[in-house]
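Peer 1: compute the structure for the input listed below.
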Amino acid sequence: MADCGRGMVTQFKPDQDNNGMLRDAFSRFMSGITIVTAASGQGPVGITANSFSSLSLNPPLVLWSPAIESRRFEFFEKAEYFAIHILASNQENICNNFVKSPFAFEDSETKKNIRGVPLIENCLARFECKKSAIYPGGDHIIMVGEVENVEMREGNALTFFAGRFRELGAL
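Peer 2: The predicted model follows:
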């Protein structure tokens, strides 16, 4: 470690012995918080994810990356349709509920779309998607969805930075 006048600097080669440090380094990138939902044989399911990104405007594509070792993985690997919800700053409790349980819809206002996918209301944005492709990505998969419908509204975003929730407003 070295002090460069702006705090301590840590440099390391990632390996299995320092996964915690690598996770901490990844957390230096501020990300929005999403809930991905799908229909399943056990009912509607959801998962909190910050591995979301827009991919293409034409065709309209998004991607997200569920962990293969997640107990929820099979729900999303099998789902033909899913929805990605970008959470507003007042929806931290919804995020926390889905961290604990894939069936945590009781504290959020929801409806189902024509494909049976559960939709959480009052998010900053929602993308209703059809699975387009899946690619390997180490201990995750990269799931690409073609966006079939979008809803968005004004508001402040719920973000995550350095292990903590933050609120980010428009300038």
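
Peer 1: report pLDDT for the most centrally placed residue in the chain.
Peer 2: Centroid-nearest residue in the chain: A49, 2.3 Å away (criterion: C-alpha atoms, centre = their mean). With respect to pLDDT, A49 scores 90.

Peer 1: just the one 3 residues further on next, same as before
Peer 2: On the pLDDT scale, F52 is placed at 91.

Peer 1: quick one: the residue nearest to the centre of the chain and T34 touch, right?
Peer 2: Yes: A49 is in contact with T34 according to C-beta atoms under 8 Å; the separation is 5.1 Å. Where C-beta positions appear, they are placed from N, C-alpha and C, glycine not excepted.

Peer 1: find residues that contact each of these two.
Peer 2: Listed as contacting both A49 and T34 by C-beta atoms under 8 Å, 6 or more residues apart in numbering are 64, 84.

Peer 1: where does this protein dip in pLDDT?
Peer 2: For the chain, the stretches with pLDDT under 70 are 1-5, 26-30, 161-162, 165, 171.

Peer 1: one step back: how close does the residue nearest to the centre of the chain get to A83?
Peer 2: Taking C-beta to C-beta, to the nearest Å as the measure, A49 falls 12 Å from A83.

Peer 1: residues shared between the contacts of the two?
Peer 2: Taking C-beta under 8 Å, 6+ apart as the criterion, A49 and A83 both touch V36.
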